[in-house]
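> All I have is the shape, not the residue letters:
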């Protein structure tokens, strides 16, 4: 199988298709919670952490998973 160079993850696929899927399928409570958790992962919804290098003053922000 040839790769297109586009990096996809489960959250990306869910964001694109979950609305249409839910129009014809009912999610259980557990499934709904799992979908919400996946969609919130590594987003502002869960907050984040700033990592600072005190030697070079460089910093990086990482969303929580």
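Okay, I see it. It should be emphasised that the depicted structure is a prediction, and the values quoted were computed from it without experimental measurement.

> Counting residues, which helix of this structure comes out longest?
Of all segments of type helix in the chain, defined using DSSP state H, the longest is helix 10-24.

> Show me what it is packed up against.
Using 3 or more C-beta pairs under 8 Å, 6 or more residues apart in numbering; DSSP states H and E as the contact definition, the elements that helix 10-24 packs against are helix 29-40. Bear in mind the C-beta positions are built from the backbone N, C-alpha and C, glycine included.

> Pull the residues that contact the helix it packs on.
For helix 29-40, contacts defined as C-beta atoms under 8 Å, 6 or more residues apart in numbering pick out 10-11, 14-15, 18, 27, 46.

> Now restrict those to buried residues only.
11, 14, 18 (16 or more other C-beta atoms under 10 Å).

> Can you tell me which of the residues you listed is nearest residue 59?
Sorting these by how near they are to residue 59, with C-beta to C-beta, puts residue 11 at the top with 24.9 Å.

> Look up the pLDDT of that closest one for me, please.
Residue-level confidence at residue 11 comes out at 94, pLDDT.

> Can you report how many residues neighbour the residue nearest to it when sequence neighbours are not counted?
Spatially, and ignoring its direct neighbours in sequence, residue 11 is nearest to residue 38 (5.3 Å; C-beta to C-beta, 6 or more residues apart in numbering). Residue 38 is surrounded by 16 other residues when neighbours are defined as other C-beta atoms under 10 Å.

> so how far is residue 55 from residue 38?
Remark: distance between residue 38 and residue 55 (C-beta to C-beta, to the nearest Å) = 37 Å.

> Also residue 27?
Taking C-beta to C-beta as the criterion, residue 27 is separated from residue 55 by 49 Å.

> what about residue 31, distance to residue 14?
For residue 31, the distance to residue 14 - C-beta to C-beta - is 11 Å.

> Kindly apply the preceding question to residue 47 instead.
Counting by C-beta to C-beta, the separation of residue 47 from residue 14 is 21 Å.

> relative to its centroid, which residue of this structure is most remote?
When distances to the mean C-alpha position of the chain are computed (C-alpha atoms, centre = their mean), the maximum falls on residue 55, with 31.7 Å.
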